[in-house]
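**Q** how does the following fold in three dimensions:
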Amino acid sequence: MRPKTLLLVAATVAIALPGTVLASTPGHNGLISFRRYLNADHSNGALFTINPDGTHERQITFPAADTLDNNQNWSPDGTKLVFERDTPATAQLYTVNADGSNLHLVFPCPGDDSCLGAANPSWSPDGRWIAFQLALGPVVNDWAADVSVWEVHPDGTGLRQVTHASRDGYEDNDPNWSPDGSRLVIQRNTHTDRYRPTIWAVDSNDGGHPVRVSPVGVNASDHPDWSPDGQWIVFRTDNGVPGSAKVFLAHQDGSGLHVILDGSNTRQFLSYSFSPDGTKLLIGMTPGSGPEGNADVYIASLDANARVSGIVALTQTDAWDSSPRWGVGAANR
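**A** Just a heads-up that it's a prediction; the model follows:
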């Protein structure tokens, strides 16, 4: 189904940035991937790809009935996806070709104290590393002993720890690489107030030089992403807290913060991804077109001042579609 213009959506900008341009970097807007839940309780889900014009939707993973494929990210050349496969016992990292072939286990995790789960992978711009969050046991008072960012080569070798969250009373989640590969943007939860997540940028090799991106008072969460020119980081408010849901852009040092989408207490926002050319933003939103407001994936256009200039629906199904990611390369045929 081709994209349809979204007529009823709250899209406001709180702070304008005159003269600021959302520059593009070379990169063809290729396939879009997303996760579709296959049952009502969201315990089963698969990965799909679709063209940016809404044509040629294709399911590319086929998990068992009790398994969820989730939180995928593209390789820099757009030929593969790395993703998290969740079972009742554990979460492990896999890669798969864009056409669904060559499923490969990258990081096994037994689901015990030595590895409770590996999740939220992201491919480095040079293709050499996959960053992810790794949870280690034991679990005490609902907290794992350590949830930090680690990195591994796509062939499963070279495992190294990047952040040391438990040492400082944190849990670090959802890493995403800067376009030059030098930094990671992450979600950080503190042990003292786990319900007020924050967004930080850290060095990609050792977690050093941490800089807070989200301001005090904003519950910022869910897979922050960099614009292709490295100028902006996108993140949203936590949907679990009271108040209007919002999507923000900010520079790496937290400056230039402004709202690009405001739910006005009628919408919630889910994960997002910049287009490779930097002119558009994918985002999951609810209510979508499905029953009981099931989410759909939307494409927001960004103007020269980093404002949302229009939104169209990419998926319009009865299912819950979210976790969109935009890759480079050719379209489905």
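**Q** list the buried ones in stretch 37-46?
**A** The neighbour-count check on stretch 37-46 (16 or more other CB atoms under 10 Å) flags 37, 38, 44, 45, 46 as buried. For every residue, glycine as well, the C-beta is placed using N, CA and C.
**Q** state the distance from residue 295 to residue 201.
**A** When distance is defined by CB to CB, to the nearest Å, residue 295 is 28 Å away from residue 201.
**Q** nearest to residue 225, of the buried residues of stretch 37-46?
**A** Using CB to CB, residue 45 comes nearest to residue 225 of the buried residues of stretch 37-46, at 20.5 Å.
**Q** partner residues bridging the closest one?
**A** Beta-bridge partners for residue 45, by DSSP bridges, are residue 37, residue 68.
**Q** would a markdown table of the buried residues of stretch 37-46 with pLDDT be doable?
**A** Formatted as a markdown table, these follow (pLDDT from 0 to 100):
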| residue | pLDDT |
| --- | --- |
| 37 | 97 |
| 38 | 97 |
| 44 | 98 |
| 45 | 98 |
| 46 | 98 |
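**Q** reformat those residues as TSV; add distance to residue 86.
**A** Converted to TSV, the buried residues of stretch 37-46 look like this (distance: CB to CB, whole Å):
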residue	distance to residue 86
37	12
38	13
44	10
45	9
46	12
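**Q** and stretch 95-111, how far out from the chain middle?
**A** 18 Å (CA atoms, centre = their mean, to the nearest Å).
**Q** what's it in contact with?
**A** 31, 47, 49, 58-62, 75, 78-83, 89-94, 115-118, 121, 130, 132, 152, 154-156, 159, 327, 329 (CB atoms under 8 Å, 6 or more residues apart in numbering).
**Q** restricted to strands, list these.
**A** Residues from these lying in strands, with DSSP state E as the criterion: 31, 47, 49, 58-59, 80-83, 91-94, 117-118, 121, 130, 132, 152, 327.
**Q** of those residues, keep whichever come out buried.
**A** 31, 47, 49, 58, 80-83, 91-94, 117-118, 121, 130, 132, 152, 327.
**Q** what does residue 291 show for phi and psi?
**A** phi -60, psi 150 (degrees, to the nearest 10).
**Q** ok, it - contacts?
**A** For residue 291, the contact set (CB under 8 Å, 6+ apart) comprises residue 318.
**Q** numbering from 10 from now on, please.
**A** All right, first residue 10 from here; so that's residue 300.
**Q** tell me who's in contact with the closest residue to residue 283 other than its chain neighbours.
**A** Sequence neighbours aside, residue 236 is the residue nearest to residue 283 in space, at 5.2 Å (criterion: CB to CB, 6 or more residues apart in numbering). For residue 236, the contact set (CB under 8 Å, 6+ apart) comprises 31, 242, 243, 258, 283, 287.
**Q** any weak-confidence spans in the stretch 10-159 of the chain?
**A** Judged by pLDDT under 70, the stretch 10-159 of the chain has its weakly predicted residues at 10-35.
**Q** for stretch 210-221, output the C-alpha coordinates as CSV.
**A** Taking C-alpha atoms only, stretch 210-221 is exported to CSV below (Å, rounded to 0.1, in the frame of the first residue of the first chain):
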residue,chain,number,x,y,z
ALA,A,210,27.0,10.8,24.1
VAL,A,211,30.2,8.9,24.9
ASP,A,212,33.4,7.9,23.1
SER,A,213,32.8,4.7,21.1
ASN,A,214,36.1,3.0,22.1
ASP,A,215,36.0,3.3,25.9
GLY,A,216,32.9,5.2,26.9
GLY,A,217,34.9,8.3,27.8
HIS,A,218,34.1,12.0,27.6
PRO,A,219,30.4,11.6,28.5
VAL,A,220,28.2,14.5,27.5
ARG,A,221,24.5,14.8,28.5
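**Q** buried sites along that stretch?
**A** 210, 211, 212, 213, 216.
**Q** before we move on, what about stretch 163-172?
**A** Buried positions in stretch 163-172, judged by neighbour count with 16+ other CB under 10 Å: 163, 171, 172.
**Q** quick one: contacts for the first one?
**A** Contacts were defined as CB under 8 Å, 6+ apart; by that measure residue 163 touches 84, 91, 104, 115, 132, 136, 137, 139.
**Q** same thing but 7 Å
**A** Each residue near residue 163 by CB atoms under 7 Å, 6 or more residues apart in numbering is listed here: 104, 115, 139.
**Q** residue 181 should be in a strand, yeah?
**A** Yes - assessed by DSSP: H, G, I helix; E, B strand; the rest coil, residue 181 belongs to a strand.
**Q** distance from stretch 331-341 to the middle of the chain?
**A** Worked out by CA atoms, centre = their mean, stretch 331-341 lies 13 Å from the chain centre.
**Q** residue 72: how many residues sit nearby?
**A** By the criterion of other CB atoms under 10 Å, residue 72 has 17 neighbours.
**Q** likewise residue 157?
**A** Using other CB under 10 Å, the number of residues around residue 157 comes to 24.
**Q** quick check: which element contains it?
**A** Residue 157 is part of strand 152-161, with elements assigned from DSSP states H and E.
**Q** hey, what's residue 198 bridged with?
**A** Residues in a beta bridge with residue 198, per DSSP bridges, are residue 180.
**Q** quick one: pLDDT of it?
**A** Confidence at residue 198, expressed as pLDDT, is 90.
**Q** would you mind giving the contacts of residue 163 as a markdown table with distance to residue 324 added?
**A** What follows is those, written out as a markdown table (distance: CB to CB, whole Å):
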| residue | distance to residue 324 |
| --- | --- |
| 104 | 24 |
| 115 | 28 |
| 139 | 27 |
